Structure formats: structure tokens, C-alpha cells
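K.L.:
got a structure for you, letters missing:
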Ligand code: GLN
Ligand code: ZN
């Protein structure tokens with residue numbers, strides 16, 4: 001069987017976040033394993049059924065995933081970290097027997113730290129980083145995966161196409177704990193996959209998909225050669241047809257490398273790659289990813305069809321998405337409150353599946369009446385989007401044209417430092433937090449009640465004011481130096497602003513998995529962005545009035561406002577970023593007028609949008625840094641600008657961080673052993689910096705000695721006059737108990753270190 005129409009990967013969290021709910025219940029109460037297992041089973045079954053019912057003839061199947069596909073592969077290969085090995089096998093309720101070790105690696109336990117987590121390529125999805133060493137031994141633990149495959153095959157036969165993370169990608173994303181090279185295990189992983197493929201073939205499967213997205217980036221020649229050799233052996237030993245799938249960039253390197261290796265098909269991303277259309281003479285099939293799997297706009301079906309027809313002249317073609325539909329919401333259907341015009345421009349997961357099906361039929365000359373209608377509706381939608389008043393704002397354009405290079409410059413750092421020292425009068429090693437405090441059930445309930453109209457705006461506001469007062473009191477009690485208002489009024493740091501900016505649209509049900517059970521609802525930027533009125537000033541004032549200590553104004557930076565939204569694809573990202581920057585610049589003016597002397601502009605996502613290929617990076621960094629500077633450079637010297645970054649490795653990006661020219665930068669560090677410190681030292685970093693000394697992504701309270709040690713390590717690399725003491729990230733996902741306990745530890749570490757200075 002060939003493949004005519006498919007998608008490159010599937011979402012897992014459930015259309016209504018069913019898996020999230022089942023996971024969180026299980027983590028609280030491990031007797032609910034059976035319910036978790038059956039929820040996961042139902043979700044994969046429903047998805048497979050839906051895809052096949054829509055007319056696709058092959059469906060990607062990564063098993064029931066309980067947290068992350070990379071972690072699934074780690075468990076499958078028997079490579080979960082050594083430290084979780086003593087946790088007992090889990091039996092008898094339909095969950096994989098490694099599940100508790102798997103969750104311990106993902107989330108940590110009371111006694112064990114979690115594994116590092118970082119962004120999946122340039123997306124806002126996070127994977128759990130495999131931890132290997134010279135001594136790691138690959139040992140297949142595949143019974144759960146094979147059972148899942150057997151169940152799916154019973155349901156959908158040969159249409160089931162199991163998906164694996166490819167050996168090269170898996171190891172390239174791994175870290176080693178002993179400085180050895182993770183790729184030393186490449187041959188072992190290939191060897192294990194050879195055995196695994198034989199077992200999968202026994203389950204009655206015909207195709208298997210192996211994802212090698214790392215092949216869209218620069219890979220060393222030696223690794224490429226060994227990968228080619230690995231696939232040759234794998235293909236030779238296996239009765240399965242192997243599809244090698246790349247995404248987020250050009251598939252050419254993969255095709256060139258693996259042509260004639262015995263790989264049966266290539267799946268390529270023709271949205272974010274494929275400027276030149278590929279030739280694939282060394283394989284029997286190309287799966288053309290012409291439907292954008294990570295953005296929400298309707299596909300220009302006429303253009304896509306033309307591409308497909310050109311490709312079909314070169315050989316057999318199947319239609320697919322550019323990447324897994326993990327990155328977009330399930331369906332547009334539940335969105336009943338969207339602007340009607342904008343809604344016609346959009347396609348979420350279910351609609352994209354229909355696009356794939358229609359394109360595949362059109363390519364084969366089997367267009368139905370419904371397809372004709374879809375093609376016609378699409379033409380109209382594309383016309384409407386191109387010409388709509390909703391996308392253009394003349395005033396924004398005028399202001400943007402008038403921006404000068406000097407608008408991106410502040411006074412020299414020495415002058416700023418002097419003015420800020422006089423203004424703020426802080427102790428050495430000042431303590432602060434990243435912005436949010438626990439979003440308690442009460443806060444979320446108040447917001448839900450307000451949304452449903454059960455309480456009025458005044459009551460909701462009062463509840464949030466009470467929360468701010470509580471957070472200020474607690475911070476004073478803890479003895480923190482620079483306070484925050486706690487962000488109780490913010491559902492999400494991007495959505496909160498997007499709801500107040502013109503040009504942005506928010507959705508009601510359009511959830512996307514961010515990591516584990518955490519989901520986000522990215523807003524959609526459809527037009528020119530502007531700020532009708534101040535967004536955060538009132539909340540700043542509520543907090544500042546309650547304390548004599550400085551309170552940080554808290555904003556989300558332009559790059560993050562783009563990275564965690566679905567962006568327009570009809571203008572360069574840098575143009576949109578500057579529009580957001582100008583709105584933030586006005587907000588900063590207003591905060592300063594209200595008395596703010598410390599303002600944090602969060603850019604947790606600045607690393608995430610970094611292009612995967614080195615040659616594309618300078619242009620990105622120029623607009624990314626430029627937009628941050630445009631947002632913040634209106635601030636006078638006595639105002640201290642902070643920024644915050646997380647989830648990523650910043651070691652190679654320290655000069656970018658320094659170009660942002662923020663007076664103080666807090667960076668995630670605890671979870672990766674403060675690796676960033678060496679880079680700061682090498683770079684001779686001269687601005688204020690707070691490498692996080694408490695990993696807030698795990699529920700575990702750090703021991704005093706741990707934080708003392710992290711801080712001592714920081715003091716060895718950073719001049720004490722530049723060092724800040726803070727957690728890794730915001731605290732909204734934490735509870736009060738661990739927050740208070742951990743902050744006590746943090747403040748005490750700062751006090752001890754101060755005395756020893
Ligand atoms: N200020 C935000 C918070 O504390 C920053 C969150 C983030 O870095 N992701 O929640
Ligand atoms: Zn953060």
C-alpha cells in the first residue's frame with residue numbers, strides 16, 4: 001500500500017484537555033491509574049477514527065503518550081535516568097510498567113530532581129532532555145508500545161503508522177552527565193530499532209515513520225555518514241516500509257543523505273522549507289507537507305495543488321502536513337465567538353485534515369462537490385484576508401516608518417547604574433521573584449465565575465486586589481527586596497496582553513500542549529498591533545500603594561508576544577514585533593509616570609524563535625534584539641529595566657542577552673547545573689544578572705545547602721555587585737506551601753552570602 005493522504009503527527013492532550021485532567025488526577029491520587037490509562041486509550045482511538053473518517057489513508061501513531069514523545073522514546077530504549085531506577089514497576093492497571101519512573105524523570109519527586117526540559121526545535125512545545133553517559137546501555141522496554149500498536153491495528157489495520165523519534169535526532173537532543181558524546185550510542189540505538197521494527201512488523205503494520213527533524217539543521221559529516229549506514233542496515237533488516245520525516249525546515253539534506261539507502265519514503269516540510277522543490281529518485285514516495293502544521297491560516301489550496309502537480313511529474317506523491325498537528329488546536333468548530341470574517345481565514349487541526357484530504361483527491365482527479373465548495377470558500381477567504389480593513393492600521397504604519405536608530409538606544413550603562421543605585425538603594429545580592437505567584441484555585445474560580453457572569457467586574461476586581469495585598473504582605477514577611485504584584489489577574493502572560501491589544505484575537509477552546517499536562521491557548525495576530533489604552537498601570541498602583549519597597553512593573557516582550565501566538569504570515573515577523581514594541585514603549589512611559597522605577601519585560605521565548613540554521617540566525621537576532629530595545633529604550637536612566645528568560649540554553653547566546661541591554665536579566669539555571677555561569681564569565685558579562693537558584697518547574701522544595709551552593713557557584717563567576725538572587729521562573733504553577741518554604745531558603749541563602757561578602 002502507498003500513502004495518498006496523511007498527517008505528519010498527532011496531538012495527544014485531547015480536544016478538551018482530557019489527558020491533562022486525567023494526568024493531574026493521577027499525580028494527586030495514584031489509585032486512578034486505570035482511569036488515566038483508559039482516557040489515553042480513548043483519545044488515541046478517537047483521533048485515529050477521526051482521521052480515517054475524514055478520508056486520510058494512513059495515520060501517524062506514537063502510542064499513548066503520557067507526557068512527551070522524546071521521553072517515550074527514552075523509556076522505550078530503557079534509557080530513563082539512573083536515579084529513578086529504584087522506583088518500583090507499576091502493575092496491572094493498563095499503564096506502562098515504567099510509568100512512575102517516567103513521571104519521576106519528567107517532574108521530579110520529593111527526593112529526586114527532574115530531568116531538564118527544553119524547547120522542541122523552534123516551537124513552544126517542550127521535551128524532556130534524555131540524560132546519558134558513557135555507561136548508558138540501550139535496553140528495549142517496548143511491551144507497552146507494542147501493545148498499543150496491536151490495539152490500534154485491531155482498530156485500523158494497516159492504516160496505522162507507528163512513529164519513532166529517529167536515532168540521530170534522539171541522541172542530538174540528549175545531554176550527557178559525564179562529558180561523553182551522546183552520539184557514541186548511535187549504532188546501539190539503530191541496533192535496538194532493528195529489533196523493534198521486527199516486532200512492530202509482527203503486529204501487522206506496513207509503514208513505520210522515523211522522525212529526523214535534526215536533519216534540517218547543520219549536522220557534522222561523521223554523524224551523517226554513520227546515520228546513513230544505520231538506515232541502510234535498518235532498511236535491509238526490516239520488512240516494514242520506512243518513512244523518514246523531517247520538519248521545520250528543508251528536507252533536502254535528509255533526502256540527499258538517505259536516497260538509495262532502502263528508506264521507502266521521505267516526508268518533508270514544504271511550508272518552512274522546500275524553497276526549491278525536492279527530487280526523490282532514491283525512494284518510492286514523497287509525502288509533501290503542503291499544509292502548515294504549526295500555524296492557523298487556511299492553506300491556499302490552489303497554490304498547494306500546483307506544487308503537488310509539479311511534484312507528481314517527478315514521481316509518486318502523497319499529501320501531508322508540514323509537521324505534527326500537535327502544534328495547533330484540535331478544531332475550529334467550538335470557537336463560536338470569533339470575529340466572523342477572521343474565522344473564515346483560519347484552519348485548525350480538523351480543518352487541516354480536511355484540506356489534506358481534499359488536496360489528495362484533487363491531485364488524483366477525484367474532487368467531490370464538497371471539495372469544490374472548500375476550494376471556492378478558500379479562494380474567497382484568501383481574497384478577504386488580503387484586502388480586509390481589519391489587517392491595516394494607517395496610524396501604526398506611520399509611527400513605524402518614523403522610528404529612528406536612536407529610539408533603540410539608552411544612556412550608557414555606567415550612568416544608568418549610578419542613577420539607579422541612588423534611586424533604588426538596594427542591598428548587595430538583592431532578592432526578587434520573576435513575577436507571578438501561585439494561581440490558586442480561588443483565583444481561577446473567581447476568573448471562571450466572572451467569565452460566566454456569576455460575579456460582576458467589581459467583585460472580580462476586589463478579589464484580585466485582595467490577592468495582590470496578600471502577595472505583597474507575604475513578600476514583605478519573607479524579606480524580599482524587589483516586590484511584584486503577583487500577576488493574579490493574568491490568565492497567561494501573552495493572552496493577558498493580547499486581549500488588550502488591537503490586532504490580536506483570543507480563542508476560547510484552542511488549547512495546545514506546551515509540556516506534560518500544561519496547555520496554552522495562543523492568541524492569533526491577524527492585523528497591525530496597537531494599544532488602545534494602558535494595560536497594567538492600575539495593577540501596578542494597587543501593589544505599589546501597599547509597600548515602601550520597589551515594585552516591578554511586569555510586561556511581556558515583543559518576541560515572546562509573537563512566539564506564543566499564532567503569527568501573521570503576510571508580513572515579516574520583525575515588522576509585527578516592532579508594532580508590539582511600540583505599544584509596550586507607551587506602556588512603560590505610563591508605568592514610569594505612575595512611579596515605577598523597576599520594570600521587567602519578559603522575553604522567555606527569545607531563544608525559541610532562533611532559526612535552526614546558523615545562516616538565518618543573524619537576521620533574526622537583529623530584529624528580535626531591536627524590538628526589545630525599541631520597547632525599552634524610552635526609559636530614563638534611573639529606571640531599571642529587567643528581563644527574564646527560561647527553558648533554554650543561553651550559553652551561545654550570551655552576547656545576544658547582553659545586546660538587549662537590560663540592566664538586569666534573570667535566567668533559568670538551576671535545572672541544568674548553572675551551566676550559564678561559565679558562559680557569563682567567558683563573555684565578561686557586565687550587566688546585572690540573576691541565574692535562577694531554585695528550579696520552580698518541580699514541586700520539590702530545595703535544601704538550604706543546595707541553594708547556598710548554587711549561589712556560591714554564581715559568586716565565582718559573577719561580580720557580586722551584578723548578582724541578583726531569584727528563582728528560575730514565575731511561580732504561578734506552584735502551591736503556596738512549597739513557594740513559601742522555597743523562598744525562605746532563597747532569602748536565607750542571600751543573607752548568608754551577603755554576610756560573607
Ligand atoms: N513574569 C512571568 C511569570 O512570572 C514570567 C513567566 C515565564 O518566564 N514564562 O509568570
Ligand atoms: Zn521563566
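P.N.:
Yes, it's here. The model shown is predicted, which means the values in this text are computed figures rather than measured ones. Ligands and ions are numbered 1, 2, ... in the order given.

K.L.:
which stretches in the stretch 101-250 of the chain count as helices?
P.N.:
Per DSSP state H, counting those that start in this stretch, the stretch 101-250 of the chain carries helices over the ranges 143-156, 167-172, 186-202, 221-237.

K.L.:
quick one, which of those is packed in tightest?
P.N.:
Of all the helices of the stretch 101-250 of the chain, helix 167-172 has the most neighbours on average by mean count of other Cβ atoms under 10 Å, namely a mean of 24. Every residue, glycine included, has its C-beta placed from N, CA and C.

K.L.:
how near is the residue lying closest to residue 577 once chain neighbours are set aside to ligand 2?
P.N.:
Nearest residue to residue 577, sequence neighbours excluded (Cβ to Cβ, 6 or more residues apart in numbering): residue 627, at 3.8 Å. Shown here: residue 627 relative to ligand 2, a distance of 19 Å by Cβ to the ion, to the nearest Å.

K.L.:
which helix or which strand is home to residue 627?
P.N.:
Assigned by DSSP states H and E, residue 627 belongs to helix 617-632.

K.L.:
how far does the host helix or strand of residue 40 sit from its chain's centre?
P.N.:
Take DSSP H and E as the rule and residue 40 turns out to sit in helix 33-53. The chain centre lies 24 Å from the centre of helix 33-53; the measure is Cα atoms, centre = their mean, to the nearest Å.

K.L.:
what is that helix packed up against?
P.N.:
Contact here means 3 or more Cβ pairs under 8 Å, 6 or more residues apart in numbering; DSSP states H and E; on that basis helix 33-53 packs against helix 18-28, strand 59-61, helix 143-156, helix 349-363.

K.L.:
for burial, what's the neighbour tally of residue 181?
P.N.:
13 (other Cβ atoms under 10 Å).

K.L.:
how far away is residue 133 from residue 435?
P.N.:
36 Å (Cβ to Cβ, to the nearest Å).

K.L.:
neighbour count: those two, which is higher?
P.N.:
Counting neighbours by other Cβ under 10 Å for residue 133 and for residue 435 shows that residue 435 has the greater number, 24 against 16.

K.L.:
residues touching the more buried one, list them.
P.N.:
By Cβ atoms under 8 Å, 6 or more residues apart in numbering, the residues touching residue 435 are 484, 486-487, 493, 552, 554, 600, 602, 644, 730.

K.L.:
give me every residue that touches the closest residue to ligand 2 within the stretch 351-500 of the chain.
P.N.:
Nearest to ligand 2, among the residues of the stretch 351-500 of the chain, is residue 434, at 5.7 Å (Cβ to the ion). By Cβ under 8 Å, 6+ apart, the contact set of residue 434 is 484, 600, 602, 644, 666, 692, 726-731.

K.L.:
just the closest of the residues you listed to ligand 1, please.
P.N.:
residue 730 (1.9 Å; Cβ to the nearest ligand atom).

K.L.:
wait, that closest one sits on residue 692?
P.N.:
No: here residue 730 lies out of contact with residue 692, judged by Cβ atoms under 8 Å, at a distance of 10.8 Å.

K.L.:
neighbour-wise, which of these two wins?
P.N.:
Ranked by neighbour count (other Cβ under 10 Å), residue 730 and residue 692 place residue 692 first, with 27 against 24.

K.L.:
quick check: closest non-adjacent residue to the more buried one.
P.N.:
Nearest non-adjacent residue to residue 692 (Cβ to Cβ, 6+ apart): residue 728, at 3.1 Å.

K.L.:
so that neighbour sits in a helix?
P.N.:
No: counting by DSSP: H, G, I helix; E, B strand; the rest coil, residue 728 falls outside a helix, being coil.

K.L.:
could you measure from it over to residue 534?
P.N.:
Distance check for residue 728 against residue 534: by Cβ to Cβ, it reads 30 Å.

K.L.:
contacts only, for the most centrally placed residue in the chain.
P.N.:
Most central in the chain under Cα atoms, centre = their mean is residue 124, positioned 1.6 Å from the mean C-alpha point. Each residue near residue 124 by Cβ under 8 Å, 6+ apart is listed here: 327, 512, 514, 520, 522, 563-564, 605, 608.

K.L.:
try 6 Å
P.N.:
514, 564 (Cβ atoms under 6 Å, 6 or more residues apart in numbering).

K.L.:
now for the next helix or strand after the helix holding residue 627, which elements pack on it?
P.N.:
Of the helices and strands lying after helix 617-632 in sequence (DSSP H and E), the nearest is strand 640-645. Using 3 or more Cβ pairs under 6 Å, 6 or more residues apart in numbering; DSSP states H and E, the elements in contact with strand 640-645 are strand 598-602, strand 664-667.

K.L.:
list the buried ones in the following helix or strand past strand 640-645?
P.N.:
Counting by DSSP H and E, the next helix or strand C-terminal to strand 640-645 is helix 654-660. By neighbour count on 16 or more other Cβ atoms under 10 Å, the buried set for helix 654-660 is 654, 656-660.

K.L.:
same thing with stretch 705-725?
P.N.:
The neighbour-count check on stretch 705-725 (16+ other Cβ under 10 Å) flags 706-708, 710-711, 713-715, 717-718, 722-725 as buried.

K.L.:
give me the number of residues near residue 166?
P.N.:
Residues lying near residue 166 (other Cβ under 10 Å) number 27.

K.L.:
next: residue 739.
P.N.:
21.

K.L.:
you'd agree it is up against residue 733?
P.N.:
No: counting by Cβ atoms under 6 Å, residue 739 stays clear of residue 733, with 10.2 Å between them.

K.L.:
follow-up on the earlier one: quick one: buried ones out of the contacts of residue 434?
P.N.:
484, 600, 602, 644, 666, 692, 726-731.

K.L.:
which of those residues are close to ligand 1?
P.N.:
602, 644, 729-730 (Cβ under 6 Å from any ligand atom).

K.L.:
and those near ligand 2, which?
P.N.:
residue 729 (Cβ under 5 Å from the ion).

K.L.:
tell me who's in contact with whichever residue of the stretch 651-757 of the chain sits closest to ligand 2.
P.N.:
Ranking the residues of the stretch 651-757 of the chain by distance to ligand 2 (Cβ to the ion) places residue 729 first, at 3.1 Å. Counting by Cβ under 6 Å, 6+ apart, residue 729 touches 434, 646, 696.

K.L.:
can you do 7 Å?
P.N.:
If a contact means Cβ atoms under 7 Å, 6 or more residues apart in numbering, then residue 729 has 434, 646, 668, 692, 696-697 as its contacts.

K.L.:
ok, now residue 84?
P.N.:
Residues counted as contacts of residue 84 (Cβ under 7 Å, 6+ apart) are 101, 104-105, 112.

K.L.:
let's see it at 10 Å
P.N.:
By Cβ atoms under 10 Å, 6 or more residues apart in numbering, the contact set of residue 84 is 98, 100-106, 108-109, 112, 114-115.

K.L.:
list just the nearest of these to ligand 2.
P.N.:
Nearest to ligand 2 among the contacts of residue 84, counting by Cβ to the ion, is residue 114 at 15.4 Å.

K.L.:
hang on, isn't residue 549 packed against residue 478?
P.N.:
No: here residue 549 does not reach residue 478: they are 11.3 Å apart, not a contact under Cβ atoms under 10 Å.

K.L.:
just put the helices and strands packed on helix 33-53 in TSV and tack on mean pLDDT.
P.N.:
Converted to TSV, the helices and strands packed on helix 33-53 look like this (pLDDT from 0 to 100):
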stretch	mean pLDDT
helix 18-28	97
strand 59-61	97
helix 143-156	97
helix 349-363	98
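
K.L.:
so can I have a markdown table of those showing distance to residue 178?
P.N.:
A markdown table is the format used below for the helices and strands packed on helix 33-53 (distance: least, Cβ to Cβ, whole Å):
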| stretch | distance to residue 178 |
| --- | --- |
| helix 18-28 | 31 |
| strand 59-61 | 35 |
| helix 143-156 | 28 |
| helix 349-363 | 41 |
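
K.L.:
end to end, how far does stretch 675-694 reach?
P.N.:
Stretch 675-694 stretches 14 Å from its first residue to its last (Cα to Cα, to the nearest Å).
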